[in-house]
Each structure stands twice: as structure tokens, then as C-alpha cells.
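J.: Everything below, folded, please.
(2 chains)
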Amino acid sequence: MSETEAYKAAYQREKQARLAAEQLLEVKTRNLFLANQQLLDQNSQLKEQQALIIRTEKLATLGTLAAGVAHEINNPLAFVLSNMESLKRYVEAYNTLLKLGHRWLTEQQLTEQQTSQLQDLIKQQDLDFICEDVAELLSDTDQGLIRLRDIVQGLRNFSHDGNNERIQYNLNEGLNSTLKILQSELKNNIKVNCQLATIPITKCNPGELNQVFLNLIMNACHALSETRDAQIDISTDTEDDSIVIRIKDNGSGIPETVLKSIFDPFFTTKPVGQGTGMGLSIAYGIIQDHKGSINVSSTEGQGSCFEIRLPVEA
Amino acid sequence: MKGVIFNILEELVIEEAGMPTWNAILASLQLKGIYTAGHSYPDEELMALVQEISIRLALPTPKVIGHFGEYLFRQLNQRYPEFTAQQPDLKRFLLSVHDVIHVEVNKLYENPNLPTFSYHQPADNILVMQYQSPRKLCILAEGLVRGAAQYYDTEIHMTHPVCMHQQADHCDLVIEFLSSKVTL
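T.: Residues are numbered from 1 along each chain as shown, chains lettered A, B, ... in the order given. Next comes the predicted model:
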């Protein structure tokens, strides 16, 4: 073998060695990429689980707090409501007295001195105005107390501190009856696409679950207020011994910052006075109470999907 | 451009014109010529090499690039035979370039700056590959398609009616399958 040929053979060997080394590097790189990918996936899964744990813990704490607050407010509220009823009766009695005074004045049944004294008293104390205004004050107070009672009821519902009567029920019926209630709200410009599969009958509290459906569908309607070709897809299905209910809209979607707090009590994005911020937290409480789960996925501008999973209870 | 492309160009020149020619090309361009497969080198360096080759071999640059494309396919197929092994015919192989091969390349190399391909099939025997890349190496893509056709023993007729070199924003490689290997 000439020296040139020897070098050529050596060159070929080196080339083969280089190719083998590069191949080895590629195998390692691919494995590293896959391992890294797996780690990234696991990391994001962990983060999601961590967020879920924090949320669940937070909601559990809030549940306990809500139950305490509801209990504390409920007692004084009960006697304030009862006192208000008595007060209304008492005020009525005073009004009758005033009316009698006016009648005596009109019919001139009093002495001149008595007439003058009574007229002065009515004028000084502004009794005619008080008589008019007290009715309005009582009515406003009544409304305020009713609102307060609803909020306390909401807090109690959130903390499952309520009526727990369970009956065998078909949730499809619940969804259908909820849709009937919402007919006027929906008929104008929202297309409702219902795909209700045959699902097993389950033991639950129909009133509570219908409240959840109503709440979610109403929220979907609000999210669709500015959407063209607005649509709500409602479906039921059975997956792994659970009933799965999905309520999906193609509305405005929920920003990520809002999504984190969506089930928190009193959290609302609606203007002051238009929402108590209790709807979804109550829904969460009701579903938890049924040993189920409620989750939401949403993309801003594309819509949201609420998924409820309820175990079938015989 | 990844070093593996330079390595294969070097192999082609050495195989067809000899080691002294490759050394002379490197010397005239004052290049060291040390290329590692996974490392990236400037695109201009590859284009300078191709131009120098076309001058020395007295061949038009597009012809050198097209010929290199065919050779590149054979060599890449030798290094990565799994991609052709997964696809039974040329059409399915070409359809897998963007979604299978390029995905795998992305796993191996950071920022490989691959071209994008989108496809449409106006008829059963016609495939249009829409090529887009700032490198405008559509002639190389043509060569690679020809190399693949040779591998699959498939006769094709390829036209290039829309081209980035003629101010279009993409290239259309229209591939008509005239005959194909019959697999039993």
C-alpha cells in the first residue's frame, strides 16, 4: 500500500468515526430533548395541580369562614326581621292616631285651645311628613333585609350548610326545565344546541343542581351579549361511572387573571349592584357537596366551557 | 446552515472531482473547511462554496445546486433511513417532510431555520408542494425531490411555475407522478 493509499484509508476510518460520533451525539440529543419535554410537561402538570390544591384549600377555608359569618349574621338578622314586622304594626297604630287627630280637627270637635295645641304639635314635629316618609323608610329597610337574607342564604349554600334532601333524579330533566325557565332570555339571538345522552338516574338535590345549571347558562348568556352567531352547547354524557355535563359558549371568554378567582365568594366582574359574586362559588359548593367536580376552560375571545362531573349515586 | 449540509457537499466534491479540488476550493475562498454536523455555519459560506464549485466545474449554479439536492437526499437517507422506511411511496414521503421529518430535526437542532412546506393535491397524481424560506433554496428542494423519486423508483414530472426568485412570496413545486414502484 502506497503512503497516499494508507492516508486515504486512514481518512475513511476517521470519517466513519466522525459519523459514528455524530450519530451518538444525535441519539443523546434526542433523548435529552425527550427527557426535557417530559420534564416540562410534568412541571406544568405539577403547577396546575398546585394551583388546584391552593384553590381547593382556599375555598375550603372560605367555606368555613362563610358558614361562621352566615351563622353570626343570621341570628341578629332573624330578630331584626321579626322586630320590623312589629314596628310596621306599631307605626300603623300611630298613623291611625294621627288620622284621628286630623278627623277631629276637620270635624271641629275640639276646643279652640286643643285645636291650636294639636295643630302646633303636628306642625312642629312634621307629623304629616313623618307619616308619608316612614312608609318608604320601612319598605327600603325591608328590601335591604331581604337582600341581606339572600346573601346569608348564599353563604350557607356555599358552605353546604343547608337542606340536604337527596332524591333519585335524571339530570337531563333538570337541564330541560332550566332551559324552559330561561326561554325568554335565550330565544332572541342565542342558539342552544342540546346533546343530552341517556344518562343514569342519580341521587342528588335537584333544586341545588338546577340552580347550578341556571347560573352557568345565565353566565353564558352574559358572555354572549356581544357575540355574533352566539351559541351555547349543552351536553350530558357518562364517563367512568360519572355523569359529565358540559355547558359551552362561544362568547367573550374569561381572562386568565379572572379564571383564578372565578369560584371565590363575592368575586364578580359585573358592575356594582349587578352581581353578588356568589353564583359560581355557590355552584362550586353544591357540586363539592355532591362529591363532584366543576372545572372551567376558557380562551379569551373564543368562549368558555364549564364541565361538571358528578359520580352516579344509587 | 447546519454543518451536515457542508459535510455532504464536501463528500460530493471529493467523490466527483477529487480531494485536491475540494482543498483548492477551500484555499481559494480562504475557508478552514472544518464543519461539524450539528453546528450552524453562515449561509453565505455555503453559497460561496457552491459558486466556486460551479466556476471550477464550468457548470451553472442552479445545476450544481439541483445535482447537490439529489446527492443530499441519498446521503441524508443513508444517515437517517427511518424516514423513508416509515413511508411506503414517494407521495406519502413528500407529505411527511413538514410534519414528520422537520419535527424530528427540530428535536435535534436548536433553530435549524427549516423551510416550511404546505401541500395541496389538485388531482390524485399531482402534488403541489408550496415552499417558503428566506434562503430561497427552491432549486435544492427540487433536487431533493428528484433524489427521493429515484429512491422510490418513481417517475415524476416536476414544474416550478411560481418562484421566489421571480418576486413571488413562495415557490410552487408541482409534482406529477407518472409511474410508481409497485409494491407487492
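J.: Please give the element, helix or strand, for residue 53.
T.: Going with chain A. Assessed by DSSP states H and E, residue A:53 sits inside helix A:3-107.
J.: not quite, I wanted chain B
T.: helix B:43-56.
J.: Now do the domain split for the chain, please.
T.: Let's take chain A. Listed by automatic domain parsing, the domain ranges of chain A are A:1-162, A:167-311.
J.: I was thinking of chain B, sorry if that wasn't clear
T.: According to automatic domain parsing, the ranges for chain B are B:3-59, B:87-179.
J.: First residue to last residue on the shortest one, what's the distance there?
T.: Yep, that's domain B:3-59 we're talking about. 24 Å (C-alpha to C-alpha, to the nearest Å).
J.: Would you tell me whether that domain gets close to chain A?
T.: Yes - Domain B:3-59 reaches chain A (C-beta under 8 Å from any C-beta of the partner chain) through B:4, B:36-38. In short, each C-beta sits where N, CA and C put it, glycine included.
J.: And the helices in chain B, which stretches?
T.: Ranges of helices within chain B are B:3-17, B:19-28, B:43-56, B:61-79, B:82-86, B:90-96, B:102-108, B:138-151, based on DSSP state H.
J.: Now the weakest link among those, please, by mean pLDDT.
T.: With a mean of 83, helix B:102-108 has the lowest mean pLDDT of those.
J.: packing partners for the helix holding residue A:53?
T.: helix A:112-124, helix A:127-158, helix A:279-289, helix B:102-108 (3 or more C-beta pairs under 8 Å, 6 or more residues apart in numbering or on different chains; DSSP states H and E).
J.: Who does the residue in the stretch 151-300 of chain A that chain B sits nearest to form a beta bridge with?
T.: Nearest residue of the stretch 151-300 of chain A to chain B (C-beta to the nearest C-beta) works out as residue A:299 at 24.1 Å. Beta-bridge partners for residue A:299, by DSSP bridges, are residue A:303.
J.: Can you report how many residues lie near the closest residue to residue A:300 other than its chain neighbours?
T.: Leaving aside its chain neighbours, residue A:300 sits nearest to residue A:253 (4.1 Å; criterion: C-beta to C-beta, 6 or more residues apart in numbering or on different chains). Counted by other C-beta atoms under 10 Å in any protein chain shown, the residues lying close to residue A:253 total 19.
J.: and residue A:253, which of the three is it?
T.: For residue A:253, the assignment made with DSSP: H, G, I helix; E, B strand; the rest coil gives coil.
J.: And it, how far from residue A:302?
T.: Residue A:253 sits 6 Å away from residue A:302, going by C-beta to C-beta, to the nearest Å.
J.: Likewise for residue A:66?
T.: Distance from residue A:66 to residue A:302, by C-beta to C-beta: 33 Å.
J.: Between those two, which is the more surrounded one?
T.: Per other C-beta under 10 Å, whichever of residue A:66 and residue A:302 has more neighbours is residue A:66, with 26 against 12.
J.: just checking, the more buried one touches residue A:278?
T.: No - shown here, residue A:66 and residue A:278 do not form a contact pair, counting by C-beta atoms under 8 Å, at 9.4 Å.
J.: show me the contacts for residue 44.
T.: In the absence of a named chain, chain A is used. By C-beta atoms under 8 Å, 6 or more residues apart in numbering or on different chains, no residues touch residue A:44.
J.: what does the model give it for pLDDT?
T.: 88.
J.: about what we covered before: which of the residues of domain B:3-59 next to chain A lies at the shortest distance from residue B:99?
T.: residue B:4 (21.0 Å; C-beta to C-beta).
J.: wait, what's in contact with the closest residue to the closest one other than its chain neighbours?
T.: The shortest distance from residue B:4 to any non-neighbouring residue, by C-beta to C-beta, 6+ apart, is to residue B:37 (4.0 Å). Applying C-beta under 8 Å, 6+ apart to residue B:37 gives the contacts A:22, A:25-26, B:2-4, B:7.
J.: 10 Å instead, please
T.: A:18-19, A:21-23, A:25-26, B:2-8, B:79, B:108-109 (C-beta atoms under 10 Å, 6 or more residues apart in numbering or on different chains).
J.: Now the buried members of these.
T.: A:22, A:26, B:2-8, B:108-109 (16 or more other C-beta atoms under 10 Å in any protein chain shown).
J.: Adding distance to residue A:97, write the residues you listed out as TSV.
T.: Formatted as TSV, the buried ones among the contacts of residue B:37 follow (distance: C-beta to C-beta, whole Å):
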residue	distance to residue A:97
A:22	106
A:26	101
B:2	101
B:3	105
B:4	105
B:5	106
B:6	109
B:7	110
B:8	110
B:108	97
B:109	96
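J.: centroid residue for chain A?
T.: With distances taken as C-alpha atoms, centre = their mean, residue A:280 lies nearest the centre of chain A, 1.1 Å away.
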